[in-house]
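Peer 1: below: sequence and its predicted model.
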There are 2 protein chains.
Amino acid sequence: MDGYSRRAFMGRTAAFLAGSAAGGKGILSALDVKSAADKQGVAPAGKPGGVPFRLGLASYTFREYSLEETLAMTVRLGLKRITFKDFHLPLQSSDEDIKLTVTKVRAAGLELYAGGVIYMKLPEEVQNAFRYARAAGMDIIIGVPEHDLLPLVEQKVKATGIKVAIHNHGPTDPVYPTPESAYERIKHLDGRIGLCLDIGHTQRADTDPSLSAERFADRLLDVHIKDVTSADREGGTVEIGRGVIDIPKFLRTLIRIGYDGTASFEFEKDGKDPLPGVAESVGFIRGCLSAIGVGPL
Amino acid sequence: MDGYSRRAFMGRTAAFLAGSAAGGKGILSALDVKSAADKQGVAPAGKPGGVPFRLGLASYTFREYSLEETLAMTVRLGLKRITFKDFHLPLQSSDEDIKLTVTKVRAAGLELYAGGVIYMKLPEEVQNAFRYARAAGMDIIIGVPEHDLLPLVEQKVKATGIKVAIHNHGPTDPVYPTPESAYERIKHLDGRIGLCLDIGHTQRADTDPSLSAERFADRLLDVHIKDVTSADREGGTVEIGRGVIDIPKFLRTLIRIGYDGTASFEFEKDGKDPLPGVAESVGFIRGCLSAIGVGPL
């Protein structure tokens, strides 16, 4: 059992462990407290425990803004982790320019943990994506490699240790429309190739994001968290909580499977003034987690 | 038992009713579903039920903005109810001007349910507050009448049917520092005189807002919902969820006591740019309610 399968296995067994001595402090005991508290109709005092995953920002949200504005708004949202779309760090940047940008990110108190979505249609684009990610110190490339490039992607993953999270883009995407379509292509490859589960595009394909997180837990490397107006291709991004996705169920699923990556907000709406909408979305997720009993992130 | 005591009584017995046939559909059954769902570690499907109270905006939040901007931002937040501070409707406005403003509020799809905080140090100010509220069609005056004006306030309440919710302003306020200090002054007066529970100022007086809501349920007419950085006079407003108030506990308390008024966001921070912070706060409350299992408002 490699590290990735083990994590998923541990996640799946969390429900059993919760009742045992292995529960201890942290998430499981917090959920225990919550469950006991619910029976009495009161919340646990204070904000106990933590959750296994962290919150971040997908910078596509601030595509109309400069790097500096993007960092400032991310800090204002109280987020600590960020993933850059190429607006904020062009794919053709020199290693030197990349390092300069990373210095600014760190100075803002943020961690640049991933880049993407990066499309890879040619071998040179695969090579460059890994050069770019390595120069930036990214853990993960959120990518859309053409199917025939997957062997090269695997080779690069093995050579660099950088993970690749394949992004599903919904019912109109011919390459990876659903999490399942990506999973089927990568399940026999190196365990560091997995999924960036975009829950909006998943719901747009009329697939339950919670079910997808559960089914593909062993390859879940990143999450784009959002909400959509309808469970079909017409569904558009909306402030989290105003759409059709069952968010509390999804968060409970992430906790149950022991997801320990990042859930990054990608808010496509109001491109020229997204801050209030993404702030409302961040608040909604923190509020859900707080009521679930594991405290805000 | 008058209408106000009855409501509180019904609220307090909700926990018992939840397990009985009287539970039926709605809040109580939604909480039941949630409790059962929690035991299995999953949320109920969809967003069931409702909550007994509604969300609104206290326009002090947008004190640096015009009436039109305030209405537009309230609509953007998805709120339907508003209470005006005098920045948006001066207390000395003529009845005609008041009606003009109310027309604009209604055209925006909002309900102007209250006005305040209105300070009353002179009998003329009491008279004017009721004239103002009546002209605006407000249900409630959120007020701070001097103690010796309470008999006049009661007389006006009886004459007009307009309620008065006394606002607690924290440890430095000599008139009504805590909910208890207000309750003690009004508990023998007409049942339509009650409290606007400001949970930030309550926590600043190192008093648990949930306990106050429970204790004074029979006179709880309005709520200012917010969060503060510390449980003392130094505590300042912060985005809900980032402060010290146990918000899930407070919301569960409001549901349990059957509070059927409004919880209005009053966000004192970032006066010149409050929208992201209040949006985060609105999201937090909706997220909490969603995870509690009664669905977003």
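Peer 2: Perfect, thanks for sending it.

Peer 1: hey, what's the closest residue to residue A:225 other than its chain neighbours bridged with?
Peer 2: In space, and not counting its chain neighbours, residue A:225 is closest to residue A:263: 4.4 Å by CB to CB, 6 or more residues apart in numbering or on different chains. For the C-beta atoms, the positions are set from N, CA and C on the backbone; glycine is no exception. With DSSP bridges as the criterion, residue A:263 is bridged to residue A:55, residue A:223.

Peer 1: and the gap between residue A:263 and chain B?
Peer 2: Residue A:263 is 13 Å from chain B, where distance means CB to the nearest CB, to the nearest Å.

Peer 1: can you pull the contacts of that residue?
Peer 2: Residue A:263 makes contact with A:53, A:54, A:55, A:56, A:223, A:225, A:254, A:285, according to CB atoms under 8 Å, 6 or more residues apart in numbering or on different chains.

Peer 1: how about residue A:125: what's its closest non-neighbour residue?
Peer 2: Once flanking residues are discounted, residue A:125 sits nearest to residue A:119: 7.3 Å by CB to CB, 6+ apart.

Peer 1: swap in residue A:117?
Peer 2: Per CB to CB, 6+ apart, closest to residue A:117 is residue A:167, 4.9 Å.

Peer 1: how close does the one you found get to residue A:221?
Peer 2: Per CB to CB, to the nearest Å, residue A:167 is found 10 Å from residue A:221.

Peer 1: one more: residue A:86?
Peer 2: Taking CB to CB, one finds residue A:86 at 20 Å from residue A:221.

Peer 1: compare those two and say which is more crowded by neighbours.
Peer 2: residue A:221 (25 against 18; other CB atoms under 10 Å in any protein chain shown).

Peer 1: on the three-state scheme, that one is what?
Peer 2: At residue A:221 the chain is in strand, as set by DSSP: H, G, I helix; E, B strand; the rest coil.

Peer 1: what pLDDT does the model give it?
Peer 2: Predicted confidence (pLDDT) for residue A:221: 98.

Peer 1: with residue A:172 instead?
Peer 2: On pLDDT, residue A:172 comes in at 91.

Peer 1: which residues does the residue nearest to it when sequence neighbours are not counted contact?
Peer 2: Nearest residue to residue A:172, sequence neighbours excluded (CB to CB, 6+ apart): residue A:233, at 5.9 Å. Residue A:233 is in contact with A:170, A:171, A:172, A:204, counting by CB under 8 Å, 6+ apart.

Peer 1: and what about residue A:233, helix, strand or coil?
Peer 2: Relying on three-state DSSP, one would call residue A:233 coil.

Peer 1: chain B contacts on the stretch 51-200 of chain A?
Peer 2: A:76, A:77, A:78 (CB under 8 Å from any CB of the partner chain).

Peer 1: ok, the second one touching residue A:280?
Peer 2: Which is residue A:77. No: judged on CB atoms under 8 Å, residue A:77 makes no contact with residue A:280 at a distance of 10.6 Å.

Peer 1: overlap of the contact sets of the two?
Peer 2: Taking CB under 8 Å, 6+ apart as the contact rule, residue A:77 and residue A:280 both touch residue B:280.

Peer 1: the more surrounded of those two?
Peer 2: Taking other CB under 10 Å, residue A:77 and residue A:280 do not tie; residue A:280 has more neighbours (29 against 22).

Peer 1: which element is that one on?
Peer 2: Taking DSSP states H and E as the definition, residue A:280 sits inside helix A:275-292.

Peer 1: what distance separates the opening and closing residues of stretch A:260-271?
Peer 2: Start to finish, the residues bounding stretch A:260-271 are 29 Å apart (CA to CA, to the nearest Å).

Peer 1: same check on stretch A:62-82?
Peer 2: With CA to CA as the measure, stretch A:62-82 spans 11 Å from end to end.

Peer 1: quick one: low-confidence ranges for the stretch 151-297 of chain A?
Peer 2: Regions of the stretch 151-297 of chain A meeting the criterion pLDDT under 70 cover residues A:295-297.

Peer 1: show me the strands in it, by range?
Peer 2: A:163-167, A:193-198, A:220-225, A:227-228, A:237-238, A:262-265 (DSSP state E, counting those that start in this stretch).

Peer 1: now the second one - C-alpha only, PDB.
Peer 2: Spelled out, that is strand A:193-198. Extracted in PDB, the C-alpha atoms of strand A:193-198 (Å, rounded to 0.1, in the frame of the first residue of the first chain):
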ATOM      1  CA  ILE A 193      -1.000  11.600 -10.600                       C
ATOM      2  CA  GLY A 194      -4.600  12.200  -9.400                       C
ATOM      3  CA  LEU A 195      -7.500  14.500  -9.600                       C
ATOM      4  CA  CYS A 196      -8.300  18.200  -9.000                       C
ATOM      5  CA  LEU A 197     -11.900  17.700  -8.200                       C
ATOM      6  CA  ASP A 198     -13.800  20.800  -9.500                       C
END
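
Peer 1: strands paired with that strand, and their directions?
Peer 2: Next to strand A:193-198 in the sheet, as set by DSSP bridges, lie strand A:163-167 (parallel), strand A:220-225 (parallel).

Peer 1: residues in contact with it?
Peer 2: By CB under 8 Å, 6+ apart, the surrounding residues in contact with strand A:193-198 are A:4, A:116-117, A:140, A:142, A:150, A:153-154, A:157, A:163-170, A:179, A:182-183, A:186, A:209, A:212-213, A:216, A:218-224, A:226, A:266.

Peer 1: now the fifth one
Peer 2: The contact list for strand A:237-238, computed with CB under 8 Å, 6+ apart, reads A:200, A:226, A:227, A:228, A:229, A:243, A:266, A:267, A:268, A:269.

Peer 1: from what I can see the second one touches residue A:202, true?
Peer 2: No: between residue A:226 and residue A:202 there is no contact under CB under 8 Å: 10.1 Å.

Peer 1: any common contacting residues for those two?
Peer 2: Joint contacts of residue A:226 and residue A:202 (CB under 8 Å, 6+ apart) do not exist.

Peer 1: circling back: which members of the contacts of residue A:263 are the farthest-apart pair?
Peer 2: A:56 and A:254 (13.6 Å; CB to CB).

Peer 1: and these two? which has more neighbours close in?
Peer 2: residue A:56 (29 against 26).

Peer 1: tell me the pLDDT at the more buried one?
Peer 2: 98.

Peer 1: give the contact list for it.
Peer 2: Taking CB under 8 Å, 6+ apart, we find residue A:56 in contact with A:79, A:80, A:81, A:82, A:83, A:113, A:262, A:263, A:264, A:265.

Peer 1: low-scoring stretches of the stretch 1-150 of chain A, by residue?
Peer 2: A:1-50.

Peer 1: so which residues of it form helices?
Peer 2: Along the stretch 1-150 of chain A, the stretches classed as helices by DSSP state H, counting those that start in this stretch are A:3-12, A:14-18, A:27-40, A:67-76, A:95-107, A:123-136, A:150-160.

Peer 1: which residues touch the most centrally placed residue in chain A?
Peer 2: Computing the C-alpha centroid of chain A and ranking residues by CA atoms, centre = their mean puts residue A:223 first, at 2.2 Å. Contact analysis of residue A:223 by CB under 8 Å, 6+ apart lists A:53, A:196, A:197, A:198, A:199, A:213, A:254, A:259, A:261, A:262, A:263, A:264.

Peer 1: where's it relative to chain B, distance?
Peer 2: According to CB to the nearest CB, residue A:223 and chain B sit 16 Å apart.

Peer 1: repeat that for residue A:234.
Peer 2: Distance, residue A:234 to chain B, using CB to the nearest CB: 20 Å.

Peer 1: count the neighbours of that residue for me.
Peer 2: Number of residues near residue A:234 (other CB under 10 Å) recorded here: 10.

Peer 1: isn't the residue nearest to residue A:117 up against residue A:224?
Peer 2: Yes: look at residue A:167 against residue A:224 with CB under 8 Å: they come within range, at 7.4 Å.
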